[in-house]
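>>> Kindly return the folded structure for what I paste below:
(chains A and B)
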Amino acid sequence: MRAVTEQILDELSWRGLIAQSTDLEALRKDLAAGPLTLYCGFDPTAESLHAGNLLQLVTLARFQRAGHRPVVLAGGATGQIGDPREVGERALVSPDVVAARLEKIRAQLEKFVVFDDSPTGAIAENNLHWFDGFGALEFLREVGKHFSVNTMLARETIKRRLATDGISYTEFSYLLLQSYDYLQLYRRYGTKLQIGGSDQWGNIVGGVDYIRRVEGVTVHGLTTPLVTDSEGRKFGKSTGGGSLWLDPAMTSPYAWFQYFINVADADVIRYLKLFTFLPQEEIAELERLTKDEPFRRAAQRRLAEELTTLVHGPDQTAQVIAASQALFGKGEFAALDEATLDAVMAEVPTGEVALADDPTIVDLLVVSGLVDSKGAARRTIREGGAYVNNTKISDEEWRPQASDALHGKWLIVRRGKRNVAGVRVLR
RNA sequence: GGCAGGUUACCCAAGCGGCCAAAGGGAUCUGACUGUAAAUCAGACGGCUUACGCCUUCGGGGGUUCGAAUCCCUCACCUGCCA
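Numbering: from 1, shown residues only, chains lettered A, B, ... in the order given. Got it, this is the predicted structure:
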């Protein structure tokens, strides 16, 4: 048991999950001493968490599996202030909106760790809990007094802001709020480790120093690396540029699955280590398969399956796998039985047309959402990237007939190699 | 507060009265090659239109002109120098 609890650091290390840390050996000792309480905070900056947040949630889960106790902290208060970015002051978001967002992401936050009565049972907190009603005078005396502006000014983000857009006092204060969070969690639950992305390093160290000053105790901090793909792009940005959201209403499980099935060979093994719970030997085997028979995309498939199951559950995963197989497998669309076809269409974006309106391929592409305009649709056709039911359409005037509709109701429209949508035929 | 410079399409960035829907690069998209990969090569890349063409866009507003992203006035914001 004891061995397990401290080996978590070795596991994080081989997975490539440790970017920066305070004293690792001291942390190792505390971990060995028994269940350690650790936390990570999440500000409600949108209506859903995104793929980037996943790394932190999964890391909390790894600690829990290793016999420690995770605290998931929702930033009901900090979300109203805004962590300073490299460039540009954030617009203030009203408390109502922050509360509404928090309501939406709460389920996502609480989904990756296990809440039970055991010593490792997770805890959910909200920093509004201690900031609500915390007076300005009290804040300045209890918190502000322990922070040196000189030190704060030396931080990279702050320096950059001072050199460019400037920064408001409000955002400048963010560090103090996050540091106070750590203190509160230390006092309430004995929390002795905070984890976060490497961009959180300054905030985490701020809390560690603060706790040392007021409590005379050394607590720990650990950050995960910023995940980028082999092109240097931030992980979790879909190819279109939008984020990959955890909320299935914002990013469909099918789109989520497709993102991971398309991950480049150069990235896939690293992602498996970072985001999945697969053991070392299994990942090594997938690495060998990627090298020896890359065309089978075994690692990509496994990554997509694991992450879709993690976020959307096994049932959804089975459905998107079936849908992906139907759309990208060798089989003829016409051979799909009605139930399968309906299930596939439920996963992909869809639109609808009435044959009475005499729609052309251009209309199909537009209505399916595969292109933004008729001009773009014509372009796609000219470029040879338009397909209906797996048949290339090169005539802009092509019109679907009633007989083209699969099971009398669906046309499968495709743009390029992998953008598929369904169009329901009304008559 | 004074002086100087800046604000261009998703991002960076040219343009400095008509030849500007606006150079170039990046991003993105499509095609070829492959493996629903990468690299490479080619093409596309404001909207409507089969097309001639039409419409909207160069920080906001208002002018000058046959004609403005380009000139003038004004407002906003940013940068630098000086107080």
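>>> got the residue ranges for the helices in the stretch 51-200 of chain A?
All helices of the stretch 51-200 of chain A, identified by DSSP state H, counting those that start in this stretch, fall at A:51-65, A:95-109, A:128-131, A:136-142, A:149-153, A:156-163, A:169-172, A:174-189.
>>> likewise the stretch 301-427 of chain A?
For the stretch 301-427 of chain A, the helices defined by DSSP H, counting those that start in this stretch occupy A:338-347, A:361-367, A:374-382.
>>> Can you lay out those helices as CSV showing mean pLDDT and distance to A:Ser118?
Yep, even glycine has a C-beta here, placed from its N, CA and C like the rest. Formatted as CSV, the helices of the stretch 301-427 of chain A follow (pLDDT from 0 to 100; distance: least, CB to CB, whole Å):
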stretch, mean pLDDT, distance to A:Ser118
helix A:338-347, 92, 37
helix A:361-367, 94, 53
helix A:374-382, 91, 55
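>>> Lowest average pLDDT across the helices of the stretch 51-200 of chain A?
When the helices of the stretch 51-200 of chain A are ranked by mean pLDDT, helix A:156-163 comes last with a mean of 76.
>>> What lies in contact with that one?
A:Pro84, A:Arg85, A:Glu86, A:Val87, A:Met152, A:Leu153, A:Ile167, A:Phe172, A:Gly202 (CB atoms under 8 Å, 6 or more residues apart in numbering).
>>> just curious, which of those is nearest to A:Gln20?
Using CB to CB, A:Gly202 comes nearest to A:Gln20 of those, at 10.1 Å.
>>> hang on, the earlier thing: from the contacts of helix A:156-163, list the buried ones, please.
The neighbour-count test (16 or more other CB atoms under 10 Å) marks A:Pro84, A:Ile167, A:Phe172, A:Gly202 as buried among the contacts of helix A:156-163.
>>> Pick out whichever of the residues you listed sits closest to A:Arg415.
Lowest distance from A:Arg415 to the buried ones among the contacts of helix A:156-163 (CB to CB) belongs to A:Pro84, with 40.1 Å.
>>> which ones are touching the residue nearest to the closest one when sequence neighbours are not counted?
Once flanking residues are discounted, A:Pro84 sits nearest to A:Glu171: 4.4 Å by CB to CB, 6 or more residues apart in numbering. When contacts are counted by CB under 8 Å, 6+ apart, A:Glu171 touches A:Ile81, A:Gly82, A:Asp83, A:Pro84, A:Glu89, A:Arg90.
>>> and the gap between A:Glu171 and RNA strand B?
14 Å (CB to the nearest atom of the strand, to the nearest Å).
>>> which residues does the residue nearest to A:Phe328 when sequence neighbours are not counted contact?
Leaving aside its chain neighbours, A:Phe328 sits nearest to A:Arg418 (7.5 Å; criterion: CB to CB, 6+ apart). For A:Arg418, the contacting residues are A:Gln258, A:Asn262, A:Phe328, by CB under 8 Å, 6+ apart.
>>> out of those residues, who has the most neighbours?
When neighbours are counted by other CB atoms under 10 Å, A:Gln258 leads the contacts of A:Arg418 with 24 neighbours.
>>> from what I can see that residue touches A:Ser324, true?
Yes - with contacts counted by CB atoms under 8 Å, A:Gln258 reaches A:Ser324, the gap being 7.1 Å.
>>> list the contacts for the residue nearest to A:Asp43 when sequence neighbours are not counted?
Spatially, and ignoring its direct neighbours in sequence, A:Asp43 is nearest to A:Gly75 (3.6 Å; CB to CB, 6+ apart). Under the criterion of CB under 8 Å, 6+ apart, the neighbours of A:Gly75 are A:Gly41, A:Phe42, A:Asp43, A:Pro44, A:Leu102, A:Asn126, A:Asn127.
>>> Bridge partners for the second one, pull those for me.
Yep, that's A:Phe42 we're talking about. Beta-bridge partners for A:Phe42, by DSSP bridges, are A:Ala74.
>>> now check stretch A:261-271, is it near RNA strand B?
Yes - under the criterion of CB under 7 Å from any atom of the strand, RNA strand B is reached by stretch A:261-271 at A:Ile261, A:Asn262, A:Val263, A:Ala264, A:Asp265, A:Ala266.
>>> and the last one, how far is that from A:Gly34?
A:Ala266 sits 40 Å away from A:Gly34, going by CB to CB, to the nearest Å.
>>> now the first one
To A:Gly34, A:Ile261 is 41 Å away according to CB to CB.
>>> and these two? which has more neighbours close in?
Taking neighbours as other CB under 10 Å, A:Ile261 and A:Gly34 compare with A:Ile261 leading, 21 against 12.
>>> wait, doesn't the more buried one sit right on A:Ala298?
No - counting by CB under 8 Å, A:Ile261 sits too far from A:Ala298 to count as a contact (11.2 Å).
>>> Could I get the average pLDDT for the helix or strand containing A:Ala255?
In this assignment (DSSP states H and E), A:Ala255 forms part of helix A:253-261. Confidence over helix A:253-261 (mean pLDDT, whole number) is 93.
>>> so that helix versus helix A:338-347, what angle?
In terms of direction (axes from the mean of the first three to the mean of the last three CA atoms, to 10 degrees), helix A:253-261 departs from helix A:338-347 by 80 degrees.
>>> what packs against the next helix or strand after helix A:253-261?
Where DSSP H and E defines the elements, the next helix or strand beyond helix A:253-261 is helix A:265-275. Helix A:265-275 is packed against helix A:2-15, helix A:51-65, helix A:280-292, helix A:298-328, with contacts defined by 3 or more CB pairs under 8 Å, 6 or more residues apart in numbering; DSSP states H and E.
>>> Name the surrounding residues that touch the third one.
Just to be clear, that refers to helix A:280-292. Contact with helix A:280-292 is made by A:Trp14, A:Asp265, A:Val268, A:Ile269, A:Leu272, A:Lys273, A:Thr276, A:Leu278, A:Arg296, A:Ala298, A:Ala299, A:Arg302, as judged by CB under 8 Å, 6+ apart.
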